[in-house]
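**Student:** 3D model of this:
(one chain, ligands or ions: 1)
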Amino acid sequence: MANVPLSNIDFYHKHDTPDPQTGNLRAFLSQLFQDSEAQYASFSFTLDAIDPLAYLEMCWNQDQFQFYWEKPTDELAIAAGGSVKHLSAEGSGRFNAVSKAIQTTQQLSREYSSVPHPYSGMMFLGGFSFFNNISDGVWNDFDPASFTIPEWTIIQDGKFNLVTFSVELSLFETARDLHQHLIDRFDAIRKSCRMDKKLNGQETPPSFTQDISLSDIKNGEYEQWTSTVTKATDLIADNNFDKIVIARKISIPRRDNTPPTQVLNSLRKRYQNCSSFLLHQGGSTFLGSSPERLGSFRSRLFLTEALAGSIHRGQTESEDTQLGQHLAKSKKDQSEHNFVIKDIEERLIPFAIDFYRSPKPEIKKLTNVQHLYTPIRAHLEEEAEVLNVIGQLHPTPAVGGYPWKDAAPYLDELENFNRGWYASPIGWINSKGMGEFAVGIRSGLLTQKEAHFFAGCGIVADSNPAHEWEETNLKLKPMLSALHYD
Ligand SMILES: C=C(O[C@H]1C=CC=C(C(=O)O)[C@@H]1O)C(=O)O
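**Tutor:** Numbering: from 1, shown residues only. Have a look, this model is predicted:
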């Protein structure tokens, strides 16, 4: 978490560890091996004072699934690694397919926890592609829907830490073998934490600062952008649709050696009210710091939001306030924002018993940009499946268009790249029916050879290409800075 420095790791072997003398765990294990339906199991134990990002950094394994999520203002951080099971799907039915696969896996899973805690138990970590399928080879490591049950998860919830180990039971012959495995995993975490203290005493290898700035990137891309935005406003004037979100992709050869965990460390410090995320699979890393929540859910309560309409931050407090007021009054930004509210509410109707939003947008201030922001709170119907709700909301007009069915066919033609997982739902679900999905914006994809950065903005009837260009530059800044590209 932001207030726990990377170097300040400590870890205690407490009374509730998988100690051979722990009666409850032994009883659970022997029952587990008599349960003919059980195929997976998870084991949660408390930990003291550990920064999940520090642990992930220390045991980073390029060849394995790795995950990180942190929203400092919510005091929640999740680090995870390894893969017990991977669920994937594609096409328009991918949300439903993953939802069903998760339910089936949960029915076959058993859970032990040394403490009753909402974050104990198995987690499903992953996300979805923007479109039903992915046509660009740079996203080869990411399926259109991809969720992993990690081997280990460390969760920091406020000041409380929990570690969970998940296993596939067929890999263990006896309860004793599994018990030994848990002891070994626990000891390995302890040892790694000791090693980390040494590692943190060493100098971090310097990363090569790049001589690439946003003004260099401008070149021919600016002319292309102007013509794309003009085409979009022409299509709006011809009544094809009301709004479309056009994005840019910048691809740069990778010459820096900044570890992804360091990028995340810088993002979580600078963007405390954002969800900083990292998904590493098959050697590629998709990461970012998203200000936009697509949905978070706890039981039947579902929180989502409209986030659209942007302006830069001021140099002084008064300039900043004036800019915020200007944004709140801007007709162009209001219309951009209102399409998002209207569409989210329309899409929630089939799933919600009721929903509420404040009548006027608030201003959400990030380090370099401020947005119009309207939180929306809904109570879902008993039978609503949250991943299907997420699938219905995606893409909101904050990243897609309005009406989406009319704008969608033009997006491919206007943007000259496939979005992959950019602007898609990224997040987690746990065994208690809690979860959160951010919209994967302010993000980048790191492959072995290249870094790809994405940023888009909402185009409405009176959008101006030059202003929108500057807005995308502001939105690119967090990732470019975190990777030393500015
Ligand atoms: C599409 C992006 O931002 C969206 C979220 C907030 C504000 C936006 C805007 O003002 O255009 C965009 O709708 C992006 O950052 O890539």
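**Student:** dump the residue contacts of residue 292.
**Tutor:** For residue 292, the contacting residues are 305, 307, 398-399, 438-439, 441, by C-beta atoms under 8 Å, 6 or more residues apart in numbering. For every residue, glycine as well, the C-beta is placed using N, CA and C.
**Student:** now swap in residue 68 and tell me
**Tutor:** 52-53, 56, 77-80, 261, 264, 276-278.
**Student:** Point me to the helix or strand that includes the residue nearest to residue 252 when sequence neighbours are not counted.
**Tutor:** Nearest in space to residue 252, with sequence neighbours left out and distances taken as C-beta to C-beta, 6 or more residues apart in numbering, is residue 451 at 5.1 Å. Per DSSP states H and E: residue 451 is located in strand 450-459.
**Student:** So which elements touch that strand?
**Tutor:** helix 214-237, strand 243-253, strand 301-312, strand 443-446, helix 465-482 (3 or more C-beta pairs under 8 Å, 6 or more residues apart in numbering; DSSP states H and E).
**Student:** So which of the ones you listed is nearest residue 429?
**Tutor:** For the helices and strands packed on strand 450-459, distance to residue 429 was read as C-beta to C-beta. The smallest value, 13.0 Å, belongs to strand 301-312.
**Student:** hmm, that closest one touching the ligand?
**Tutor:** Yes: using C-beta under 6 Å from any ligand atom, strand 301-312 reaches the ligand at 307-310.
**Student:** Among those, which one has the most neighbours?
**Tutor:** residue 308 (29 neighbours; other C-beta atoms under 10 Å).
**Student:** ok, back up a step: buried ones among the contacts of residue 68?
**Tutor:** Neighbour counting with 16 or more other C-beta atoms under 10 Å marks 52-53, 56, 77-80, 261, 264, 276-278 as buried within those.
**Student:** Of those, which is the nearest to residue 368?
**Tutor:** Distances from residue 368 to the buried ones among the contacts of residue 68, taken by C-beta to C-beta, are shortest for residue 276, at 15.3 Å.
**Student:** What strand or helix carries that closest one?
**Tutor:** Per DSSP H and E: strand 275-281 holds residue 276.
**Student:** Residue 79 too?
**Tutor:** Using DSSP H and E, residue 79 falls within strand 76-81.
**Student:** Quick one: mean pLDDT over that strand.
**Tutor:** Over the span of strand 76-81, the pLDDT mean works out to 97.
**Student:** Show me what it is packed against.
**Tutor:** helix 52-58, strand 66-71, strand 123-128, strand 152-157.
**Student:** how about residue 64, secondary structure?
**Tutor:** At residue 64 the chain is in coil, as set by DSSP: H, G, I helix; E, B strand; the rest coil.
**Student:** Dihedrals phi and psi, it?
**Tutor:** Note on residue 64: backbone dihedrals following degrees, to the nearest 10 are phi -120, psi 160.
**Student:** Pull the CA coordinates from the strand holding residue 451 and hand them back as PDB.
**Tutor:** Taking C-alpha atoms only, strand 450-459 is exported to PDB below (Å, rounded to 0.1, in the frame of the first residue of the first chain):
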ATOM      1  CA  GLU A 450       7.800  -3.200 -27.800                       C
ATOM      2  CA  ALA A 451       5.800  -0.900 -25.500                       C
ATOM      3  CA  HIS A 452       2.300   0.100 -26.700                       C
ATOM      4  CA  PHE A 453       0.400   2.900 -25.100                       C
ATOM      5  CA  PHE A 454      -3.300   3.800 -25.600                       C
ATOM      6  CA  ALA A 455      -5.400   6.900 -25.000                       C
ATOM      7  CA  GLY A 456      -8.700   8.000 -26.400                       C
ATOM      8  CA  CYS A 457     -11.300  10.700 -26.100                       C
ATOM      9  CA  GLY A 458     -15.000  11.100 -26.700                       C
ATOM     10  CA  ILE A 459     -15.900  12.900 -30.000                       C
END
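**Student:** If I take that strand and helix 465-482, what angle do their directions form?
**Tutor:** 150 degrees (axes from the mean of the first three to the mean of the last three C-alpha atoms, to 10 degrees).
**Student:** List the strands paired with strand 450-459, with their directions.
**Tutor:** Strand pairing for strand 450-459, determined by DSSP bridges: strand 243-253 (antiparallel), strand 443-446 (antiparallel).
**Student:** and the ones you listed, which is most packed in?
**Tutor:** strand 443-446 (a mean of 25; mean count of other C-beta atoms under 10 Å).
**Student:** next one: it to chain centre, how far?
**Tutor:** 12 Å (C-alpha atoms, centre = their mean, to the nearest Å).
**Student:** do that strand and the ligand meet?
**Tutor:** No: contact of strand 443-446 with the ligand is not found when judged by C-beta under 6 Å from any ligand atom; the minimum separation is 8.0 Å.
**Student:** Next: stretch 239-247.
**Tutor:** Yes: applying C-beta under 6 Å from any ligand atom, one finds that stretch 239-247 is in contact with the ligand at 245, 247.
**Student:** circling back: report the mean confidence score over the strand holding residue 276.
**Tutor:** Rounded mean pLDDT across strand 275-281 is 98.
**Student:** Adjacent strands (with direction) for it?
**Tutor:** By DSSP bridges, strand 275-281 pairs with strand 66-71 (antiparallel), strand 284-290 (antiparallel).
**Student:** Which one of those strands lies nearest to the ligand?
**Tutor:** strand 284-290 (8.3 Å; C-beta to the nearest ligand atom).
**Student:** who's in contact with the closest one?
**Tutor:** 66, 127, 139-142, 260, 263-264, 267-268, 270-271, 274-280, 420-421, 426, 438-448, 478-479, 482.
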